[in-house]
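Colleague: Can you look at this prediction? I've put the sequence above it.
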Amino acid sequence: MLAFGWLVVKRSALQNERKTDLDVFLRAAWAVRANEDIYATFSERGWNYVYPSTFAILLTPLAEPPTEQTFLKLAANRQKFGDSRGLSPEETSQEVARFKGEAARLNAKLNSDRSFYVPFWISCVIWYLASLVMILWSAHLLARAVEIVDQRLSDLHWRDRGWWMLRLWPVIFCAPGLFNGLSRGQSDALVLLCVSGFIYLTVARKGRFAMWGGFCLAGAVAVKIIPALLIVYPLWRRDLRSLVGFACGLLLLLIVIPSIAFGPAQALEYNLQWLRVMGAPGLGNVVSALGQGDTSRKFELYGLSGTESQSLVAVAHNLAHLTTPRGFRPEDADWWSRPLLIVVGGSMLLITLFASGWRSVPAITSGLRERAAAFLRWPTSADPAAPATIALLLCVMLVVTPVCHTHYFAFALPIVVWLVSRGVREHPHQALSGLGWLLGFAYLTAHALPRLPGLQILQDTGVMMFTGIAVFLLAAKLLRQARNIERQSMTL
């Protein structure tokens with residue numbers, strides 16, 4: 001871990017060209033402190049901040065200011081690569097002039113700024129260590145969740161082999177996605193921790209902490225919007241406490257805190273700006289009351305010409321144009337991609353809900369009215385299918401999201417923890433079965449090979465996505481079997 005951490009810090013901060021996304025976040029955090037536009041371009045590589053404003057506010061203690069050279073490099077980059085980004089010569093000239101103007105405008109402001117800023121390499125160390133802790137903490141919370149809902153695992157102690165297998169082997173099996181995010185200084189570990197907290201608090205103390213679980217889900221959504229799909233679970237389970245916690249969390253994180261930091265008017269403008277530059281384009285440039293989606297982030301995020309994305313639309317697009325080299329493929333998806341997304345995504349969602357089943361109703365024999373009342377009553381106990389159901393929804397999320405970078409497969413950790421628990425529950429004090437080892441390392445290999453140089457074809461053909469779908473189907477089958485056994489035991 002220390003050697004890998006040193007490599008991450010060296011690549012991120014100690015080379016001429018930074019190989020990290022952390023500077024994008026910390027430059028946005030500087031914009032919060034300097035009263036600048038957080039969605040402006042402040043990274044030397046031209047990447048933009050694309051998250052809601054809350055994450056930038058959270059990182060203000062580690063804020064890093066740009067330099068005059070930042071904008072001169074951006075101007076030179078646009079001059080050289082403007083045509084490859086789809087810019088006309090006139091648009092390229094305008095971009096170059098804009099960046100040079102920004103350099104001149106901010107030069108005086110930066111020279112007069114006497115604020116203390118943490119050196120970037122120290123920020124990289126802090127963020128790496130914090131992310132590592134969040135990953136291990138997430139694994140522990142997920143393991144605790146499956147221990148709570150499974151009586152065969154509830155007596156595991158930290159001295160037992162099964163206790164450690166639930167917490168370490170899933171991290172190893174998911175290492176390509178987890179460590180890819182670590183190496184890039186991404187926010188995945190924070191989002192994973194929020195999602196893991198949502199799963200754990202949903203089942204802790206017989207579901208009495210479900211409201212705080214909803215708040216954790218709101219935290220994940222406030223950083224990376226795609227976990228919003230997980231709201232399907234409390235809706236399906238009619239969990240009022242979780243829904244209230246989710247609503248309160250969104251109110252606090254997306255409205256109250258930004259309003260305190262920027263003022264209500266600017267906070268609202270940032271939310272609307274995020275919808276224009278990310279929300280609407282991510283949904284296919286939908287036209288709404290906000291107007292046509294802004295396409296300024298298309299090249300770096302959801303453009304399909306040379307993407308590594310493992311979402312269904314991106315993989316289908318790459319397969320349809322496989323003989324065309326990356327960078328020369330069409331930027332937009334073919335007409336049939338959206339119907340395909342609806343069919344496949346809808347089918348996976350229905351499979352998830354079918355495997356999870358409807359909330360069981362206590363056996364009441366006194367009449368139809370009593371049965372209806374019990375059926376509509378909000379749940380008062382933990383749902384044993386909660387960890388698996390939410391993990392399956394995460395698999396659906398990875399397929400249907402407009403952009404699924406390879407490091408997003410860190411979010412497969414919950415489903416892998418649950419699958420490992422199916423083996424541990426049979427032999428809590430022994431090692432995994434041969435089949436368990438085979439499946440675990442097959443999953444690891446399928447996600448490691450496409451990242452190697454020269455194996456780009458494995459990304460274009462969607463090996464990681466199809467592996468994720470296979471894991472999804474396996475877990476859905478096992479969950480349905482477990483739910484059937486549970487119902488049979490209740491009727492005895």
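Modeller: Noted; the coordinates are in hand.
Colleague: Model confidence score at S381, please.
Modeller: Predicted confidence (pLDDT) for S381: 63.
Colleague: Would you mind measuring from A314 to P453?
Modeller: 21 Å (Cβ to Cβ, to the nearest Å). From N, CA and C alone the C-beta is placed, and that goes for glycine too.
Colleague: So between the two, which is more surrounded?
Modeller: A314 (25 against 5; other Cβ atoms under 10 Å).
Colleague: so where do the helices sit in the stretch 351-492 of the chain?
Modeller: Listed in chain order, the helices of the stretch 351-492 of the chain (DSSP state H, counting those that start in this stretch) span 368-376, 386-400, 413-424, 434-448, 456-460, 463-491.
Colleague: what's the longest one packed up against?
Modeller: The helices and strands touching helix 463-491, judged by 3 or more Cβ pairs under 8 Å, 6 or more residues apart in numbering; DSSP states H and E, are helix 337-356, helix 386-400, helix 413-424, helix 434-448.
Colleague: Give me the phi and psi for the nearest residue to L235 once chain neighbours are set aside.
Modeller: Of all residues not flanking L235 in the chain, L243 sits nearest, at 7.2 Å (Cβ to Cβ, 6 or more residues apart in numbering). Main-chain torsions, L243, degrees, to the nearest 10: phi -70, psi -40.
Colleague: Around L243, how many other residues sit close by?
Modeller: Neighbours around L243, by other Cβ under 10 Å: 18.
Colleague: Now do the contacts for it.
Modeller: G214, I231, P234, L235 (Cβ atoms under 8 Å, 6 or more residues apart in numbering).
Colleague: Before we move on, what's the pLDDT of R114?
Modeller: Reported pLDDT for R114: 72.
Colleague: Tell me how far it lies from N107.
Modeller: Relative to N107, and taking Cβ to Cβ, R114 is found at 15 Å.
Colleague: quick one: which of those two has more around it?
Modeller: Shown here are R114 and N107; by other Cβ under 10 Å, N107 has more neighbours (13 against 5).
Colleague: For that one, give me the pLDDT.
Modeller: As predicted, N107 sits at a pLDDT of 75.
Colleague: ok, how many other residues are close to W236?
Modeller: The local packing of W236 (other Cβ under 10 Å) involves 18 other residues.
Colleague: tell me which element it falls in.
Modeller: W236 belongs to helix 232-237 when assigned by DSSP states H and E.
Colleague: Pick out whichever of the contacts of L243 sits closest to Q69.
Modeller: Comparing those against Q69 with Cβ to Cβ picks out I231 as the nearest, at 43.8 Å.
Colleague: Was I right to think that closest one contacts L217?
Modeller: Yes. Here I231 lies in contact with L217, judged by Cβ atoms under 8 Å, at a distance of 7.0 Å.
Colleague: Next, show the common contact partners of those two.
Modeller: With Cβ under 8 Å, 6+ apart, I231 and L217 have common neighbours F246.
Colleague: Comparing the two, which residue is more hemmed in?
Modeller: Per other Cβ under 10 Å, whichever of I231 and L217 has more neighbours is L217, with 30 against 18.
Colleague: could you say what helices and strands the helix or strand where W127 lies packs with?
Modeller: W127 belongs to helix 120-149 when assigned by DSSP H and E. If contacts are counted by 3+ Cβ pairs under 8 Å, 6+ apart, helix 120-149 sits against helix 2-13, helix 22-34, helix 161-173, helix 175-183, helix 188-203, helix 386-400, helix 413-424.
Colleague: A210: which of the ones you listed is closest?
Modeller: helix 188-203 (5.4 Å).
Colleague: State the mean pLDDT of the helix or strand following the closest one.
Modeller: Per DSSP H and E, the first helix or strand lying C-terminal to helix 188-203 is helix 210-223. Within the predicted structure, the mean pLDDT of helix 210-223 is 94.
Colleague: just how off-centre is helix 210-223 within its chain?
Modeller: Centroid separation for helix 210-223 versus its chain: 13 Å, with Cα atoms, centre = their mean, to the nearest Å.
Colleague: What is the helix holding W236 packed up against?
Modeller: helix 240-250, helix 337-356, helix 386-400.
Colleague: for the nearest residue to S43 once chain neighbours are set aside, what are its contacts?
Modeller: Residue nearest to S43 in three dimensions, not counting chain neighbours: V24, with 4.8 Å by Cβ to Cβ, 6+ apart. By Cβ under 8 Å, 6+ apart, the contact list for V24 reads F42, S43, W47, N48, Y49.
Colleague: Just the buried residues from those residues, in ChimeraX please.
Modeller: Buried residues among these (16 or more other Cβ atoms under 10 Å), as a ChimeraX selection:
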select :42,43,47,48,49
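Colleague: Quick one: the contacts of V24 as a markdown table, columns for secondary structure too.
Modeller: Output for the contacts of V24, formatted as a markdown table (DSSP: H, G, I helix; E, B strand; the rest coil):
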| residue | secondary structure |
| --- | --- |
| F42 | coil |
| S43 | coil |
| W47 | coil |
| N48 | coil |
| Y49 | coil |
